[in-house]
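1. What follows is a predicted protein model with its sequence.
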Amino acid sequence: MLTDLLVVIAIVIGTFFMFVASLGVFRLSDFYLRVHAPTKAATLGLIFLLAAVALNVREKTVVTKAALALVFIGVTAPVGAHILTRAAYRNGIPASQGAQIDEYAALVEQRKQEPDCFKPAAETSSAAHTDTY
Amino acid sequence: MNVSLLETVVILGALAVIGIGIALCALRAVRGPSLFDRVLAFDCIALNAVGAILLISILLDSEVFMDVVLVVALLGFLGTIALAAYLEGSLVD
């Protein structure tokens, strides 16, 4: 009976955070603001939902798979968001007017002037990615 | 371990809320404005689908859906990475 209550509480909290993530994707004003909504809020929501499943069944196989899914989602969500945001920045997606600090711009400028400064000397051939999206 | 009435009602309501969330993400995917927003909305839809599958596995009191959760999470991540790499030109610096 107590576990039922815990499962219900975890479901409510997890669903709330999943909805906040989707609302952030829909509502926020800028790509760089939008990208962080599902990365953090949806991960937290999935943690609560996986905890609800593990509390509901309480068997070895299910708890192990829930822990595995938790580790996997916790590792992959920041990596995916980082790569997507980096691709967007390099393709010139603009930030909103309120954004003031841009520490990555200096690095990108340096890369434009000397494109191979971060590469080993052997592979200097594929320097220019001039594709537009 | 039968599913109680309270759990059933809460899970059905939560599935409705997650459905609304998927609809919001789909609206963002339709609206754009850039291709990166569409990739992001696809990623968010995949995460919401994982949540819905978890809720259904509680509702049906079944264990087989945990494998589906792992596969869908992996495929969503793979899709995001592949699309971002395609849009950027290359993943390697």
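-> Good, I have the coordinates. Being a predicted model, the structure only gives us computed values, none of them experimental. Residues are numbered from 1 along each chain as shown, chains lettered A, B, ... in the order given.

2. Quick check: chain neighbours aside, which residue is closest to residue B:43?
-> residue B:80 (4.7 Å; Cβ to Cβ, 6 or more residues apart in numbering or on different chains). (Glycine included, C-beta is placed from N, CA and C.)

3. ok, now which ones touch that neighbour?
-> For residue B:80, the contact set (Cβ atoms under 8 Å, 6 or more residues apart in numbering or on different chains) comprises A:80, A:83-84, B:39, B:42-43, B:46.

4. of all the residues you listed, which two lie farthest apart?
-> Longest distance between any two of the contacts of residue B:80 is 15.3 Å, between A:83 and B:46; criterion Cβ to Cβ.

5. which of those two has more neighbours?
-> residue B:46 (23 against 18; other Cβ atoms under 10 Å in any protein chain shown).

6. ok, residue A:86 touching residue B:88?
-> Yes. Because the distance of 7.1 Å satisfies Cβ atoms under 8 Å, residue A:86 is recorded as touching residue B:88.

7. Which one of those two is surrounded by more residues?
-> The neighbour count for residue A:86 versus residue B:88, taken as other Cβ under 10 Å, is higher for residue B:88 (19 against 15).

8. Next, count neighbours for the nearest residue to the more buried one once chain neighbours are set aside.
-> The shortest distance from residue B:88 to any non-neighbouring residue, by Cβ to Cβ, 6+ apart, is to residue A:87 (3.7 Å). By other Cβ under 10 Å, the residues close to residue A:87 number 22.

9. Name the residues of the helix or strand where residue A:87 lies that are buried.
-> Element membership for residue A:87 (DSSP states H and E) is helix A:60-90. Residues of helix A:60-90 classed as buried by neighbour count (16 or more other Cβ atoms under 10 Å in any protein chain shown): A:62-63, A:65-66, A:69-70, A:73, A:76-77, A:80-81, A:83-85, A:87-90.

10. Where does the prediction get shaky in chain A?
-> Chain A contains residues with pLDDT under 70 at A:115-133.

11. Just the element for the residue of chain B found nearest chain A, please.
-> When scored by Cβ to the nearest Cβ, chain B has residue B:21 as its residue closest to chain A, at 3.1 Å. Element membership for residue B:21 (DSSP H and E) is helix B:5-31.

12. what helices or strands is the helix or strand following that helix leaning on?
-> With elements assigned by DSSP H and E, the helix or strand that comes after helix B:5-31 is helix B:35-59. If you count contacts as 3 or more Cβ pairs under 8 Å, 6 or more residues apart in numbering or on different chains; DSSP states H and E, helix B:35-59 packs onto helix A:2-27, helix A:31-34, helix A:43-57, helix A:60-90, helix B:5-31, helix B:65-88.
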